[in-house]
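> Please find the sequence and the predicted model below.
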Amino acid sequence: MMSHTAYVVASYGIAALTVVALILWVWTDGRARRRELQALDAAGIRRRSAQAGETQ
Amino acid sequence: MSENSLAIRKFSDLANPTRFLGLAALVLPWLAGLTAVLFAIGLYLCFTTEGDYQQGETVRIMYVHVPSAWLSMMCYTVMALSALGTLVWRHPLADVAARAAAPIGAGFTFLALVTGSLWGKPMWGTWWVWDARLTSVFVLFLMYLGLIALNRAMDEPGKAAKVSAVLILVGFVNIPIIKFSVEWWNTLHQPASVLRLGGSAIDPEFLRPLLVMAVAFTLLFFTLHIAAMRNEIWRRRVTSMRRQAARSAGREV
């Protein structure tokens, strides 16, 4: 039989892990997408709306 | 200009993804900071307030369990509203919002189930019972997983958007079932005690940390959701720019 404190610690531990996992997922996903956009920009590939803005 | 048409214009201004990205960049640091401050206050209150005379220390599990359970339902409601936005108004950001919310909702539902189980063992004497509340929340968790799988299985976002919007709206029937399950059926899970007719049945000693944590969790949800929506917009831009580059490369050859 676990003590009550152990259940509380386990709950907060799992809560912290889940929240950190969600934050990390959003963070790393954002960084990867930003890098892809930068790579495309460096290769001279821009959105049509941005290209139109340049030629005008 | 009437007030109504002004509100509609503001709403359709938001439909422009570029404008949304600008707004997200402006809002995100503040939202993230506010969330962190509220979590600091909330967690301090969680561990400095007294234990319950019956539940003892385990009452502290409630400060995590109740907010995540509340968010599991709110997130699905946000997705259902987005699904309406996709089907009725064809709002360009609606599908982005629904798609970005699903993994976050799954995370909070998982948390509600696990912390509930960890409270149930010492208080009820069992990790799990198939009563109406627990089962309907478990179904909600499965629905989140199904929607994530569906979104990943379909390459074309436009097609996936309609199918998942219909599925989200059909699944919304589960939300009132979850909410009222504790009143309609005889469940081991207790009925509502914070939001109910006749006022809250909780002592202020427990209500204070609970409310602060609920607000902190809600702000965390919106921070994550806005950031995930921004990521989804970027992902779609990368895909369309790559396609466009491939097309123009094909023309040059």
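Received it, and whenever you're ready, just let me know what you need.
> Pretty sure B:Arg208 sits against B:Thr49.
Yes. Using C-beta atoms under 8 Å, B:Arg208 is in contact with B:Thr49, at 7.1 Å. Every C-beta, even on glycine, is put in place using the N, C-alpha and C of the backbone.
> Give me the distance between the host helix or strand of B:Phe180 and the centre of its chain.
Counting by DSSP states H and E, the element that carries B:Phe180 is helix B:174-184. Relative to its chain's centre, helix B:174-184 lies at 18 Å (C-alpha atoms, centre = their mean, to the nearest Å).
> again with stretch B:245-253
42 Å.
> which residues are in contact with that stretch?
A:Leu40, A:Ala43, A:Ile45 (C-beta atoms under 8 Å, 6 or more residues apart in numbering or on different chains).
> Quick check, pLDDT for the closest residue to A:Arg48 other than its chain neighbours.
Spatial nearest neighbour of A:Arg48, chain neighbours left out: B:Gln244 (7.0 Å); criterion: C-beta to C-beta, 6 or more residues apart in numbering or on different chains. B:Gln244 is assigned 87 on the pLDDT scale.
> what about B:Ala149, neighbour count?
By other C-beta atoms under 10 Å in any protein chain shown, 11 other residues sit near B:Ala149.
> Give me the buried subset of the contacts of stretch B:245-253.
Buried members of those, counted by 16 or more other C-beta atoms under 10 Å in any protein chain shown: A:Leu40, A:Ile45.
> who touches whatever residue of chain A ends up closest to chain B in this structure?
Closest to chain B within chain A is A:Arg33: 3.8 Å, counting by C-beta to the nearest C-beta. Applying C-beta under 8 Å, 6+ apart, we find A:Arg33 in contact with B:Asn231, B:Trp234, B:Arg235, B:Val238.
> what helix or strand does B:His189 sit in?
Per DSSP H and E: nothing holds B:His189, as it lies in no helix or strand.
> For it, which non-adjacent residue is spatially closest?
Excluding its sequence neighbours, the residue lying closest to B:His189 (C-beta to C-beta, 6+ apart) is B:Arg133, at 3.9 Å.
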